[in-house]
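K.L.:
Quick one, what's the 3D model for this:
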Amino acid sequence: MVKPSDNGIIPPDEMIDHNNANFLEIENVLTIFVAYNQKNIQKGTTWDTWPDWELCLTAMSFDTAIESEDDSDEVKILRNHWLAVMQFIHENQNISVDGYTVKIQGIHGNTFSFDISFEPEIWTAPGQVAKNIEEVEAKIGRRYIQRPIPLQLPHCIEHSLGSMWICPPHVPHFSGNQTHFTESWFCMSNENSETFPSALLSLLCLCIDDSSIWAIAFLEDSQELERIQWIEENWPGGIPDQDWEYQ
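P.N.:
Predicted coordinates:
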C-alpha cells in the first residue's frame, strides 16, 4: 500500500508502476505527470515540474523526455505545453481517461472520444491504437515491433450523434442541417504550426464547448459534397488517369 508522507505527497517512485504499467497509454503517462506535480495540485498552482526520468518509458522522444542544460527554447516550450494539457486533463471534470482513450462530455450533452498516440503524435478513433498494435503483433510477433506503428485512422474523433448526423439545435447558422457522414466519427487534423500538446488542448476545448466543432465538421462535409457533385458533373465516367490535378 502506497502511503503519503506527512505533507501528503506520495514519492513518484511509489505512485508510478514502473514494472507493469503500459506507458504507451495516456492514462499512465498522465500518472507520471501527476506524481511529479503533487505540490502544485495541493496548492492549486500551474504545473511546472517535469518528470525526472520516467517519460523515457513512454513513446515521447528522448530529447523531450529528459531535461538537459543544452535544451533549446523550442523544447522548453514543448514541455510547458505538455504540462499545460496534462494539468487540463487532470483537473477538468468533463474529461475522463481510460487506457489509450480520452472521453469528453460536451456542455450541451454530446460526448466525444478518441485515442492518443504519442508516436506518431496523433489522435485517432477510440480502440484504434490497441487494435493496430494487436494486428502488428499478429503479423510480425511482439518482440519484433519497433515504433512508430502506423495508424490507419489518423486524426479521427468519435461522437455520440452517430452517422448521418444533424447539426445540433444550439449550433449557430447550421442548426438542423443534415450532413452526409456515413460514420459516427469525423476527421479533424491539427495545424502544422502547433505543437501536438497545444493542438490537443485546443481539441479538448472544442469538444467541451460542444458547438464550434459541429460547425467545423459540417462545413468540411458540405465542401466535400460539393467537390463530389462537381466531379460527377464534369467526369460522370470517373476522373481520367491523365488529370492528375484532380486525383
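K.L.:
Now do the SS call for the residue positioned nearest the centre of the chain.
P.N.:
Centroid-nearest residue in the chain: residue 123, 3.7 Å away (criterion: CA atoms, centre = their mean). Secondary structure for residue 123, judged by DSSP: H, G, I helix; E, B strand; the rest coil, is strand.
K.L.:
Look up how far residue 36 lies from the closest residue to it other than its chain neighbours.
P.N.:
What sits nearest to residue 123 in space, not counting adjacent residues and going by CB to CB, 6 or more residues apart in numbering, is residue 114, at 4.3 Å. No exception for glycine: its C-beta is placed from N, CA and C like everyone else's. Distance of residue 114 to residue 36, given as CB to CB, to the nearest Å: 25 Å.
K.L.:
Comparing the two, which shows the higher neighbour count?
P.N.:
Of the pair residue 114 and residue 36, residue 114 is the one with more neighbours under other CB atoms under 10 Å, namely 30 against 21.
K.L.:
That one falls within a strand, correct?
P.N.:
Yes. Counting by three-state DSSP, residue 114 is part of a strand.
K.L.:
Pretty sure residue 159 is one of the things it touches, is it not?
P.N.:
No. The criterion here is CB atoms under 8 Å, and residue 114 misses it with residue 159 at 9.7 Å.
K.L.:
Would you mark the buried spots in whichever strand or helix holds residue 80?
P.N.:
Using DSSP states H and E, residue 80 sits within helix 73-91. Neighbour counts over helix 73-91 (16 or more other CB atoms under 10 Å) mark 78-90 as buried.
K.L.:
Need the pLDDT of residue 192.
P.N.:
pLDDT, residue 192: 71.
K.L.:
what about it, how many residues close to it?
P.N.:
6.
K.L.:
Equivalent analysis for the one 5 residues further on, please.
P.N.:
The number of residues packed around residue 197, counting by other CB under 10 Å, is 20.
K.L.:
got a list of contacts for the host helix or strand of it?
P.N.:
Applying DSSP H and E as the criterion places residue 197 in helix 196-209. Helix 196-209 is contacted from outside by 78, 81-82, 84-85, 88-89, 92, 94-95, 102, 104-107, 112, 116, 121, 123, 157, 188, 190-191, 194, 212-213, 216, using CB atoms under 8 Å, 6 or more residues apart in numbering.
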